[in-house]
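J.: Whatever this is, show me its structure:
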Amino acid sequence: MIEKKQWWSETGLNFTCRMCGKCCGGEPGYIWTEAKERKEIAEHLGIELETLRKLYLKKINGSISIKEKKNFDCIFLHDETRRCTIYPVRPQQCRTFPFWKSMLEDKEEWDFYASRCPGINNGQHYTPKEVNIKFQEALLEEQDKN
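T.: Here you go, the predicted model:
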């Protein structure tokens, strides 16, 4: 089997989170969570899992997402500081940004997010080998969800 050569396979990628919160809102979307993540978030907040479900989560087609505010910011994004209030226990989806399968397969999507995120294409350099590891992890994670 011949693997498709990715657009980043020669140079690698640069990314360092600038903690600006831009990836955490401003447009509608979903922040998918797994049961273990929801348990960790509830513990971090010092609330019961049922309270977390009622106040902060929504069910969409059988999956669970974190709610958004009216301006499409994640409900856990602090309005003034623009910092995540559950950062130590944020979901896998948040921890792996911007190394998502969709972004690693499509340079136009990478560039779209780079126009909004000051950390993309700046900061730490990830070699093609390091990006490939992240890409393979993203593929496995997507297979696990299907």
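J.: where does the chain have low pLDDT?
T.: The chain contains residues with pLDDT under 70 at 1-3, 142-146.
J.: Just want the most central residue of it.
T.: Cys94 (2.7 Å; Cα atoms, centre = their mean).
J.: Checking it next. Helix, strand or coil?
T.: helix (DSSP: H, G, I helix; E, B strand; the rest coil).
J.: number of nearby residues for the closest residue to it other than its chain neighbours?
T.: Closest residue to Cys94 apart from its sequence neighbours, by Cβ to Cβ, 6 or more residues apart in numbering: Ile31 at 6.8 Å. No exception for glycine: its C-beta is placed from N, CA and C like everyone else's. Counted by other Cβ atoms under 10 Å, the residues lying close to Ile31 total 19.
J.: what's the answer for Glu108, then?
T.: 8.
J.: Look up phi and psi at it.
T.: Torsion angles at Glu108 (phi, psi; degrees, to the nearest 10) stand at phi -60, psi -40.
J.: Can we start the residue count at 38 from this point?
T.: Noted, 38 is the first residue going forward, which turns the last one into Glu145.
J.: what ranges do the helices span in this structure?
T.: Using DSSP state H, the helices of the chain run over 72-82, 86-93, 129-132, 138-142, 144-151, 165-182.
J.: which one of these is the most hemmed in?
T.: Most buried of these, by mean neighbour count (mean count of other Cβ atoms under 10 Å): helix 138-142, with a mean of 18.
J.: residues in contact with the residue nearest to Glu167 when sequence neighbours are not counted?
T.: Of all residues not flanking Glu167 in the chain, Gly49 sits nearest, at 6.9 Å (Cβ to Cβ, 6+ apart). Counting by Cβ atoms under 8 Å, 6 or more residues apart in numbering, Gly49 touches 162-165, 167-168.
J.: do the same with Phe109
T.: So Phe109 contacts 62-66 (Cβ under 8 Å, 6+ apart).
J.: Next: Cys111.
T.: 61-62, 68, 103, 105, 121.
J.: Show me which of these is closest to Lys41.
T.: Ile68 (28.6 Å; Cβ to Cβ).
J.: And the closest residue to Phe134 other than its chain neighbours, how close does it get to Val126?
T.: Nearest in space to Phe134, with sequence neighbours left out and distances taken as Cβ to Cβ, 6+ apart, is Cys60 at 5.4 Å. Using Cβ to Cβ, to the nearest Å, we find Cys60 at a distance of 17 Å from Val126.
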